[in-house]
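Undergrad: Sequence plus predicted model, see below.
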Amino acid sequence: MCGIVGYAGRERCVEVLMEGLKHLEYRGYDSAGLALQIGGEIETIRRVGPLRELSKAIGEANGRFERVGTGIGHTRWATHGRPSEENAHPHLGGDKKVAVVHNGIIENHAELREELEERGFSFNSETDTEVIAHLLAERVEEGDTLREALGAALERLEGSFAVAAVSAKEPGTIVAARNQSPLVVGLGDGENFLASAVQALLGETRKFILVENGEIAVLTSSSVEIFGPDGKEVRREPFGVEWDAEAVELGGYEDYMLKEIHEQPAALQATLAGRLGAEGDVDLSEVDLDLSNVERIVIVACGTAYHAGLLGKNTIERLARIPVEVAIASEYRYSDPIGDEKTLVIAISQSGETTDTLAAIETAHGFGGHVLAITNTRGSLITREADSVLLTKAGPEICVASTKAFLTQVAVLDLLALELARLKKSLLEDELQEIGKSLRLAPEKIQEAIALSEVCMEGAVDVFEDARCALFLGRGVAHPVALEGALKLKEISYLPAEGYPAGEMKHGPIALIDESCPVVAILGEGVLREKTLSNIQETVARGAKIIAVADEGDAEARKIAEVVLPVPKVPEILASLVATVPLQLLAYHVAKERGLDVDKPRNLAKSVTVE
Ligand code: G6P
């Protein structure tokens, strides 16, 4: 995780770096720092805690950092070494003439550290990154350019990394390289930029160049050069990004989470547009894979994306009758999985950067499986690793806890299920079109779900006033929804919360129940609603307070629950989507009530680029 930025250009370096870091803070917020070229020297400023601490320190520096032209910055998610100023990036090498920022993990850092210590370097931090700083400094002192020094260092570094460096000897120049971790160059006029993700630079440019594994980028105010591992210059066309700067601003909302929950109708609209016609016909011709002979599907993902995968399994199996396995990517990659060329592996990742999901793709390729990625991030690593890509069009998601990306992932899986069902002829064309037409209602039904839940939130938050934990129960599609609801709550409110199949609850979790363990029951429709209601009665008998997510007209739910979070009546294909919305809002309001930072929950990061 961690975010890196770089700037070479006019005397507004600090402003650009700080703005960039603000938009990368989702990647980590244990500490932040800058290294700046000032008067032939490198100066660093670093602070523990979120970016505002660094901002404060810069403000107190009496204009010291005002007219700087070149520098690099970093926001940290700690891996090696606790969050402290010593461990904060940038790290200085040798006689402090070289500074480095890094995202990723240097796996052979211990060995390199030992070597460097033997050669007289002393270390000031516990980080793996500091070895890079000393490796560069050593070469630069011997007369290498920073680019040459980085080339030599790359031959020694093992692991995943995106690094950027500046040297006091080369004013106005930044060098950078990557292996596995993301890195983009932003192109400006009389200035150039560098960042872990395009979001950091949208206020400055929409023109980007990707840096590939093993390449070195050299930036000055007037030039960007990319060199391949063989040292030869690489010519690469820039790509444009349609997201605009406003998409990464709060736009009047108190937090990104609330903004992103409210953006869900638009995100669904954009995701379905062009893929689902007025007659409910699906067009997924953008998938350049032959889906007609798929015999088995494996979905791999992490976190919230895994929950989308569980819902995808349900829909694909129900509509297309193809067996689907859903695997947590970090388990799958080491599981010696069974598969062949008729296995379709669907890798879901909002960021497109999650290391375990990328590794799971490699594993799938190992047995000849075809990989379809579902991601929200154009140009991300996953788009290059997968054989084909379906983009969710949720727009940038900043809050660490995923909301709109989840709903759009589910919608894309629904489209895929319809397409597979058409190819397999498991349902009649008419039936598929009917379902397709229902899916088209997603944006408006989600809008209704948001409006309905918001009015009942106060009562639900009251139930959580003295809660010490919570149980989320559901059956069928309501089970993954329960898992997602519990994950949202624990991520941002730090309350232990468990999602469980309602019928299984009596085999263990029922022991948790008392009046301080609210039960959130996702009732759904049909026979499973009846069964869930019976299970909920069993918890009521043991003192549980119930919050029910139920149809707005469900009289029985009102009888049994302290609070009903009503959802609009919807066709089956939309049931999981609408039921998720009140749970997102519940987690949001419970966390806010507790005075917590919902966008940046402790210990988490949005994009997990380490194993
Ligand atoms: C982190 C985030 C989650 C996210 C998961 C997978 O844990 O905090 O919100 O669901 O990573 O991320 P991805 O980008 O692969 O969907």
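TA: In hand now; what should we look at?
Undergrad: quick one, domains of this structure?
TA: Following automatic domain parsing, one gets these domains for the chain: 3-246, 254-440, 451-598.
Undergrad: Can you say which of those is nearest to residue 607?
TA: Using CB to CB as the measure, domain 254-440 is the one of the domains of the chain that comes nearest residue 607, at 4.0 Å. (Glycine included, C-beta is placed from N, CA and C.)
Undergrad: Is the ligand within reach of the closest one?
TA: Yes: using CB under 6 Å from any ligand atom as the criterion, contacts between domain 254-440 and the ligand involve 302-305, 349-351, 354, 357, 400-402.
Undergrad: Of those residues, which belong to helices?
TA: Cross-referencing the residues of domain 254-440 next to the ligand against helices under DSSP state H gives 303-305, 357.
Undergrad: Now for these, which sits with the most neighbours around it?
TA: The member of those surrounded by the most neighbours (other CB atoms under 10 Å) is residue 357, with 30 neighbours in all.
Undergrad: Next, the contact list for that residue, please.
TA: With contacts defined as CB atoms under 8 Å, 6 or more residues apart in numbering, residue 357 is in contact with 300-302, 305, 329, 347-349, 382.
Undergrad: Most neighbours of all those, which one?
TA: Taking other CB under 10 Å as the neighbour criterion, residue 348 ranks highest of the contacts of residue 357 with 35 neighbours.
Undergrad: now that residue, which residues is it bridged with?
TA: residue 301, residue 374 (DSSP bridges).
Undergrad: now the strands for the stretch 501-611 of the chain?
TA: If you assign secondary structure with DSSP state E, counting those that start in this stretch, the strands in the stretch 501-611 of the chain sit at 519-522, 546-551, 563-567.
Undergrad: Could you give the number of residues near residue 496?
TA: Counted with other CB under 10 Å, the burial measure for residue 496 works out to 15 neighbours.
Undergrad: Quick check: it vs residue 272, distance?
TA: In this structure, residue 496 and residue 272 are separated by 36 Å, where distance is defined by CB to CB, to the nearest Å.
Undergrad: Equivalent analysis for residue 6, please.
TA: Computed with CB to CB, the distance linking residue 6 and residue 272 is 38 Å.
Undergrad: Give me the more crowded residue out of those two.
TA: Summary of the neighbour comparison: residue 6 and residue 272, criterion other CB under 10 Å, with residue 6 having more neighbours (30 against 22).
Undergrad: ok now do residue 141, which residues does it touch?
TA: 94-95, 97.
Undergrad: Separate out the buried members of those.
TA: Judged by neighbour count, with 16 or more other CB atoms under 10 Å as the criterion, the buried members of the contacts of residue 141 are 94, 97.
Undergrad: closest to the ligand among the contacts of residue 141?
TA: For the contacts of residue 141, the minimum distance to the ligand (CB to the nearest ligand atom) is 36.0 Å, reached by residue 94.
Undergrad: The closest one and residue 142 touch, don't they?
TA: No: the pair residue 94 and residue 142 fails to qualify as a contact (CB atoms under 8 Å) at a distance of 10.3 Å.
Undergrad: Tell me what residue 234 is bridged to.
TA: Note on residue 234: beta-bridge partners by DSSP bridges are residue 226.
Undergrad: any idea how far the ligand is from it?
TA: 28 Å (CB to the nearest ligand atom, to the nearest Å).
Undergrad: closest point of the stretch 401-550 of the chain to the ligand, which residue?
TA: Counting by CB to the nearest ligand atom, the stretch 401-550 of the chain gets nearest to the ligand through residue 402 (3.9 Å).
Undergrad: which ones are touching the closest residue to that residue other than its chain neighbours?
TA: The spatially closest residue to residue 402, leaving aside those adjacent along the chain, is residue 304, at 4.1 Å (CB to CB, 6 or more residues apart in numbering). Under the criterion of CB under 8 Å, 6+ apart, the neighbours of residue 304 are 350, 401-402, 405-406, 484, 487.
Undergrad: Same check on residue 57?
TA: Contacts of residue 57 (CB under 8 Å, 6+ apart): 45, 47.
Undergrad: about what we covered before: so which of the contacts of residue 141 belong to helices?
TA: Filtering the contacts of residue 141 for helices - DSSP H - leaves nothing at all.
Undergrad: Now distance to residue 109 and pLDDT too, for the contacts of residue 141, in a markdown table please.
TA: Compiled in a markdown table, the contacts of residue 141 are given as follows (distance: CB to CB, whole Å; pLDDT from 0 to 100):
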| residue | distance to residue 109 | pLDDT |
| --- | --- | --- |
| 94 | 17 | 84 |
| 95 | 21 | 87 |
| 97 | 21 | 94 |
